[in-house]
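K.L.:
Predicted structure and sequence below. I'll ask about it afterward.
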Amino acid sequence: MAAPPPTKNLAGVAWTNGSLVGSLNPLNHGFRTSDGQGGYIITNTHTSYKRTKRDADGNIINNNDDDDVVANLVVQFCNREGETVGDAMDVPTTAGSEELASLLGALLNPEDHDNMDSNKGQIPYAFFAKVTKKIESRDPSTLEPTTSFVTEDVDITDYNSLAHFLRQYKHNISTEQTLQLTYQPLALFKVRPVTRCTDTLPGHTDAVLHVSYSPDGKHLASGGGDATVRFWDVHTSTPRRTCKGHRDHVLCTSWSRDGVAFASGDKRGYLIIWDPVKGEARGTIKAHSKWITGLDWEPMHRNKGCERMVTSSKDGLAKIWNVRTKRCEATLAGHSDSVESVKWGGEGLIYTASRDRTIKVWNAQDGGGSQGTSRVGVLVRTLVGHGHRVNTLAVSCDYVCRTGPFDHYGKVAEAESKNRDSPEWREAAHRAAVEKYAVFKGSEEPERLVSGSDDNTLLVWHPTVDKRPIKRLTGHQQAINHIAFSPDSRFFASGSFDKKIKVWNGRTGDFVNTLTGHVGAVYQVTWSSDGRYLVSASKDSTAKLWEMPSGKRAKETLPGHEDEVYALDWSPSGGSVATGSKDRTLKIWKH
């Protein structure tokens, strides 16, 4: 009878020359085993060869400063809640994110890593290192020099190795201390890049200004200058409903978080709530005295009813509406000029951006959510920093709030009933949305807001806790048109009239990349649901696909429109991209 296999034990697991080894895996070339007395016996059975590195053009990169970086570094893995995983361990600085992910996977799921030669099913991770930066400034009252220290989580996922990271932050990190690495799981699925136009959808008689997929990805809606809202079948790319009710341009649209209702606002200040299945108006509201500039719904993890939404207008007001009762619950007055953009955040706050150069933060929930204020509509704080009108806003939780309770298959976990009006479905959807948001948020991570302005800059804010900007981002040469966070909020992208797209670190605001290729203003950007691709719409009549975050040149150009591309959206299911153009058509793009 064969002896039972030894029990897997990760004690003594170590790295030598880039291989994950341990006392139970002595066949690996290079390993370290315990000597039983608190020390280690290091065995190297092969010659270590230096890897030749080449740039994008194939030229050999000569790193003469390799000797400036230590060969090994002690790291400690921890999750976003601060809980440590395993013991601190010694890893070579030649290890990159793939090697770190393999090591982390062995610690989290040792039974899945019995076969060290197989990486099938390995979960990808992002890694963040805690870096303490020294900031020198002057006291504004005494003009005396002051020194402060700020700790930031720096994304090291896209560095080639720990050595590259250490070289850049050699003045901020001591290699004699343990480096804490916070890990975050990335999308388990991969979205295929869109490469071809599969359908052209005519029907609008004027420019298409907005296209958007429903949160479950099963419906597509568009609105435009012909004063109509149209719903399309995503499977057959054919029209389902044409909704007439507006008497002027449809300037903004938005899906409810449960996918049951669709809202549109027009140039005359009317708000209409539509049933996307029947194509009928559930209600028409004279919301504002001037045209409506923005719409957003309350996230489902805050309210399972999905009954409330906020509108903004050129009349300088924002209003909170209950679409079931058609009542205005609160009027958000305080801006001295047109409100250009509005966002409903994940922490019970509403953000409004105005031509008066300010952003205002409003309480949206009785009891104030995290703020403790007592009434809906109370002004929490005013964010001042831009030198010109504020055009656009993006919140770090935008994608999580948009998709609500749905996964990337468009399904709700544990929802036995398919009737979205039933109490059972509502309860299951609410639980799924709460759990999804909790996983996204982690702990002790404030909500992040990014604003873009005609002053050519972006500002990063922590609006739930502070009225001062965290960082000012410069680099664009003309006004900012649109900003969008990636689904996991690791990055955000900004599109500008200067024909460029810039990619920024979603936590620190550090510059990552500039995407050049458009020959006209960039109107809008959108991310794939796995965060690996970005699509941009431009005045030059094309959309372009970019690989994130490394690609500086477009992976694909999506031509075919005969005029400016005003709008686009990537389905939450990842299967298709829709674009809307001044040529009065929509186009569907797939792999």
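P.N.:
That came through fine.
K.L.:
tell me the SS of Phe165?
P.N.:
Using DSSP: H, G, I helix; E, B strand; the rest coil, the structure places Phe165 in helix.
K.L.:
which residues touch Lys587?
P.N.:
If a contact means CB atoms under 8 Å, 6 or more residues apart in numbering, then Lys587 has 197, 199-201, 558, 560-561, 578-579, 581 as its contacts. Every C-beta, even on glycine, is put in place using the N, C-alpha and C of the backbone.
K.L.:
how about a cut-off of 6 Å?
P.N.:
Lys587 sits next to 197, 200, 560, 579 when contact means CB atoms under 6 Å, 6 or more residues apart in numbering.
K.L.:
now swap in Asp455 and tell me
P.N.:
Contacts of Asp455 (CB under 6 Å, 6+ apart): 386-388.
K.L.:
of these, buried ones?
P.N.:
His386 (16 or more other CB atoms under 10 Å).
K.L.:
Just put the contacts of Asp455 in TSV and tack on secondary structure and distance to Gly283.
P.N.:
Listed next are the contacts of Asp455 as TSV, based on DSSP: H, G, I helix; E, B strand; the rest coil; distance: CB to CB, whole Å:
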residue	secondary structure	distance to Gly283
His386	coil	36
Gly387	coil	40
His388	coil	37
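K.L.:
pLDDT weak spots in the chain?
P.N.:
Applying pLDDT under 70 to the chain flags residues 1-68, 111-122, 139-140, 150, 152, 158, 188, 367-374, 443-444.
K.L.:
Pick out the residue closest to the middle of it.
P.N.:
Nearest to the mean C-alpha position of the chain, by CA atoms, centre = their mean, lies Ser486 at 2.4 Å.
K.L.:
That residue - nearest residue in space that isn't next to it in sequence?
P.N.:
In this structure, Ser486 finds its nearest non-sequential neighbour in Gly531, 4.2 Å apart by CB to CB, 6 or more residues apart in numbering.
K.L.:
need the helices for the chain, in chain order.
P.N.:
Along the chain, the stretches classed as helices by DSSP state H are 97-108, 162-168, 398-403, 423-441.
K.L.:
so which of the ones you listed is the most packed in?
P.N.:
helix 398-403 (a mean of 23; mean count of other CB atoms under 10 Å).
K.L.:
ok, and what's touching it?
P.N.:
Outside of helix 398-403, the residues within contact range by CB under 6 Å, 6+ apart are 215, 299, 346, 437, 440, 485, 487, 572.
K.L.:
Likewise for stretch 468-483?
P.N.:
Taking CB under 6 Å, 6+ apart as the rule, stretch 468-483 contacts 385, 391-392, 394, 450, 452, 454, 456-462, 492, 494-498, 502, 509, 523-525.
K.L.:
one step back: now the helices of the chain in JSON lines, with distance to Lys467?
P.N.:
Below are the helices of the chain laid out as JSON lines (distance: least, CB to CB, whole Å):
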{"stretch": "helix 97-108", "distance to Lys467": "36"}
{"stretch": "helix 162-168", "distance to Lys467": "31"}
{"stretch": "helix 398-403", "distance to Lys467": "21"}
{"stretch": "helix 423-441", "distance to Lys467": "21"}
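K.L.:
Those helices: which one's closest to Phe189?
P.N.:
helix 398-403 (13.6 Å; CB to CB).
K.L.:
quick revisit: output the contacts of Lys587 in CSV, with neighbour count and distance to Trp274 appended to each entry.
P.N.:
Putting those into CSV (neighbours: other CB atoms under 10 Å; distance: CB to CB, whole Å) gives the following:
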residue, neighbour count, distance to Trp274
Cys197, 17, 27
Thr200, 13, 24
Gly560, 17, 29
Thr579, 26, 22
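K.L.:
Among those, which one sits closest to Thr175?
P.N.:
The closest of the contacts of Lys587, once distances to Thr175 are taken by CB to CB, is Thr579, at 49.0 Å.
K.L.:
contacting residues for that closest one?
P.N.:
Applying CB under 6 Å, 6+ apart to Thr579 gives the contacts 543, 565, 568, 587.
K.L.:
one more time with 7 Å, if that's ok
P.N.:
211, 537, 543, 561, 565, 567-568, 586-587, 589 (CB atoms under 7 Å, 6 or more residues apart in numbering).
K.L.:
What of Phe189?
P.N.:
Phe189 touches 408, 530, counting by CB under 7 Å, 6+ apart.
K.L.:
longest strand in the protein, by residue count?
P.N.:
strand 125-138 (DSSP state E).
K.L.:
Return the list of strands paired to that strand, each annotated with direction.
P.N.:
Sheet pairing here is set by DSSP bridges, and for strand 125-138 it gives strand 145-155 (antiparallel), strand 179-185 (antiparallel).
K.L.:
quick one: which of those strands is nearest Asn363?
P.N.:
Per CB to CB, nearest to Asn363 of the strands paired with strand 125-138: strand 145-155, 28.4 Å.
K.L.:
ok and that closest one relative to helix 97-108, angle-wise?
P.N.:
80 degrees (axes from the mean of the first three to the mean of the last three CA atoms, to 10 degrees).
K.L.:
rewinding a little: just the ones of the contacts of Lys587 in strands?
P.N.:
Using DSSP E, 197, 200, 579 are the members of those that sit in strands.
K.L.:
Would you reformat those residues as TSV and include distance to Phe189?
P.N.:
What follows is the ones in strands among the contacts of Lys587, written out as TSV (distance: CB to CB, whole Å):
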residue	distance to Phe189
Cys197	24
Thr200	28
Thr579	23
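K.L.:
what residues are up against Gly334?
P.N.:
Here Gly334 is in contact with 360, 379 (criterion: CB under 7 Å, 6+ apart).
K.L.:
please redo it, this time with the cut-off set to 10 Å
P.N.:
316-318, 352, 354, 356, 358, 360, 362, 379, 382 (CB atoms under 10 Å, 6 or more residues apart in numbering).
K.L.:
out of everything not next to it in sequence, what's closest to Phe440?
P.N.:
Computed as CB to CB, 6+ apart, the closest residue to Phe440 that is not its neighbour in sequence is Val400, at 4.7 Å.
K.L.:
Now do the nearest residue to Ala261 once chain neighbours are set aside against Pro423, distance only.
P.N.:
Distances taken as CB to CB, 6+ apart place Ile273 nearest to Ala261, at 5.4 Å, with adjacent residues excluded. Look at Ile273 and Pro423: by CB to CB, to the nearest Å, they are 22 Å apart.
K.L.:
Could you count how many residues lie near Ile483?
P.N.:
25 (other CB atoms under 10 Å).
K.L.:
cool, Thr84 as well?
P.N.:
Neighbours of Thr84 (other CB under 10 Å): 11.
K.L.:
Same check on Asn322?
P.N.:
14.
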